[in-house]
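Undergrad: Let's see this in three dimensions:
(2 chains)
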There are 2 protein chains.
Amino acid sequence: MKVVVGSPGTWSGLLLRIGQCAFAGASIGVMVSALGFSNYTAFCYLISSMGLQALWSLGLACVDIYALKIKRDLHNPMLISLFFVGDWVTAILSLAAACSSAAVTVLFTRDSDFCRMILQLSCGKFEISIALAFITWLLIAISSLVMFWLLASV
Amino acid sequence: MKVVVGSPGTWSGLLLRIGQCAFAGASIGVMVSALGFSNYTAFCYLISSMGLQALWSLGLACVDIYALKIKRDLHNPMLISLFFVGDWVTAILSLAAACSSAAVTVLFTRDSDFCRMILQLSCGKFEISIALAFITWLLIAISSLVMFWLLASV
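TA: From the prediction side, this is the model:
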């Protein structure tokens, strides 16, 4: 099995996982600090999805650290298949959550004047949280493609 | 290069393309027939994205028909790379469009009572159009995975 940048059990793979975890955590933090987010399904879904993403990436970061410490090769088809399924499921959920929240925020800021009319809505924070969610998705998309590449080249 | 179900230039590939084109067209048709859709960015984006998807799938369906007619093998790395990029871009755009529209519809039906209050909004049609867009995404996701598989196994 080839070893490419971002493979599990490598320094680049570990960096990717830490990045995913950090951005997902930051996205949750900013969204939770925004007033009125809990009234909207899309924002609650963003928090759940980013929470799942952060947990998954944290788990895999620990596996990477363990593999780097005891110098164990994680490139066996069974493990890669497991990472592949998890990465793809969380990547699709993250993209769906980011797009859903973005659509609601666009509705609030452009299609209607809710952001100007209802001053309790923290539209700026919604936007920052969504931008962080999109960065998380970008990082998990890279991991997903690496896993698929590894699986296809077995 | 392996030939798998859904490969370009095969009957299964052609069926997938026709399915994508038909569902994308149906999604556009239902959305356009819904009153008040043009006031919302997410619904306009759904129409653009499904339009692009329908055009792309129609083009590839024509290529498939041509290849089946003259019995030409389309499995060369150059063509597969082109199909791969197009499929992935349209798949991501379709998922983003379907999720965005779904989020706005959930906001109208659950988070607020807009659908009951504003009777001009055709919420039922929005839902049907979004369901069709998700089916389109499912079909293009299958094509995308097949292309990636073919490309990775070169």
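Undergrad: Go ahead and confirm A:Leu150 touches A:Leu79.
TA: No - when contacts are counted by C-beta atoms under 8 Å, A:Leu150 is not listed as touching A:Leu79 (9.9 Å). Heads up, the C-betas are built off the backbone N, CA and C, glycines and all.
Undergrad: neighbour count winner among the two?
TA: The neighbour count for A:Leu150 versus A:Leu79, taken as other C-beta atoms under 10 Å in any protein chain shown, is higher for A:Leu150 (25 against 16).
Undergrad: Which pLDDT value belongs to the residue most central in space within chain A?
TA: Centroid-nearest residue in chain A: A:Thr136, 3.8 Å away (criterion: C-alpha atoms, centre = their mean). At A:Thr136, the model reports a pLDDT of 97.
Undergrad: for the one 5 residues further on, same thing?
TA: Residue-level confidence at A:Ala141 comes out at 94, pLDDT.
Undergrad: now A:Leu60
TA: pLDDT, A:Leu60: 95.
Undergrad: Disregarding residues adjacent in the polypeptide, which is nearest to it?
TA: Spatial nearest neighbour of A:Leu60, excluding adjacent residues (C-beta to C-beta, 6 or more residues apart in numbering or on different chains): A:Arg17 at 5.0 Å.
Undergrad: how about the helices of chain A, start to end?
TA: Assigned by DSSP state H, chain A shows helices spanning A:11-33, A:41-69, A:77-106, A:114-117, A:123-152.
Undergrad: if I read this right, A:Ser27 contacts A:Leu132, doesn't it?
TA: Yes - taking contacts as C-beta under 8 Å, A:Ser27 lies within contact range of A:Leu132: 3.8 Å.
Undergrad: tell me, what's touching the two both at once?
TA: Residues touching both A:Ser27 and A:Leu132 (C-beta atoms under 8 Å, 6 or more residues apart in numbering or on different chains): none.
Undergrad: Provide a list of residue ranges in chain A with pLDDT below threshold.
TA: Within chain A, the ranges that satisfy pLDDT under 70 run A:1-2, A:154.
Undergrad: got the residues of it near chain B?
TA: Residues of chain A found near chain B (C-beta under 8 Å from any C-beta of the partner chain) are A:39-42, A:92, A:95-97, A:99-104, A:106-107, A:110-111, A:148-149, A:152-153.
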